[in-house]
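predicted structure and sequence below. I'll ask about it afterward.
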Amino acid sequence: MSLEVNLSLFLPRDAMSVPVVRHICSFALGEVGVQPGCLGDITLALTEACTNVLDHANDGVQYEVQISIDEARCTIRVKDAGEGFDYTNVGQARAEGTAESGRGLGLIRELVDRVQFTSKPEAGTIVHLEKDLAFDEDHPVRQRLAVPPG
């Protein structure tokens, strides 16, 4: 038996969408036995990526979040319909400790194992996040996956 969870969400570009997507992701990760620290890193990175859509993308009707969970990793794609941006140096330098903005992409890079940006003028941005998962092997779902078929 193997583990595969795929979720695709189309969300309104509204502040209330962020806790909704965070809750859905957190619930899915918890239900398959992801350790709390790993789960927290993923949901915080997702929160930052979605908040960036609200803060920086054009006023679009919605944005898309795809979440995939398997035996090894969680992959998240956050796609907006904004103007795109030059991501090559954004988030590389540390923001001032008292800064109220400018920390999101740096924080995302610290929380997940791999980050990739695809951004095109007038076509929007896709933030691709990957985190290698740490599981609680005593979780009932993990126990069920460990049982050989037969």
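Thanks, I have the structure now.

okay, now the unreliable bits of the chain?
Low-confidence regions of the chain, defined by pLDDT under 70, span residues 1, 59-60, 84-103, 147-150.

from the centroid of it, which residue is nearest?
Leu46 (3.3 Å; CA atoms, centre = their mean).

what helix or strand is that one on?
helix 36-56 (DSSP states H and E).

that helix packs against which elements?
For helix 36-56, the packing partners by 3 or more CB pairs under 8 Å, 6 or more residues apart in numbering; DSSP states H and E come out as helix 17-31, strand 62-70, strand 73-79, helix 104-111, strand 124-132. Placement of C-beta: from N, CA and C, glycine included.

ok so, going back, how near is the residue nearest to the centre of the chain to Ala123?
From Leu46 over to Ala123 the distance is 22 Å, taken as CB to CB, to the nearest Å.

and what of Ala134?
In terms of CB to CB, Ala134 sits 35 Å off from Ala123.

same question for Asp70.
28 Å.

can you check Arg114 too?
From Arg114 to Ala123 the distance is 22 Å (CB to CB).

likewise Arg142?
Counting by CB to CB, the gap from Arg142 to Ala123 is 40 Å.
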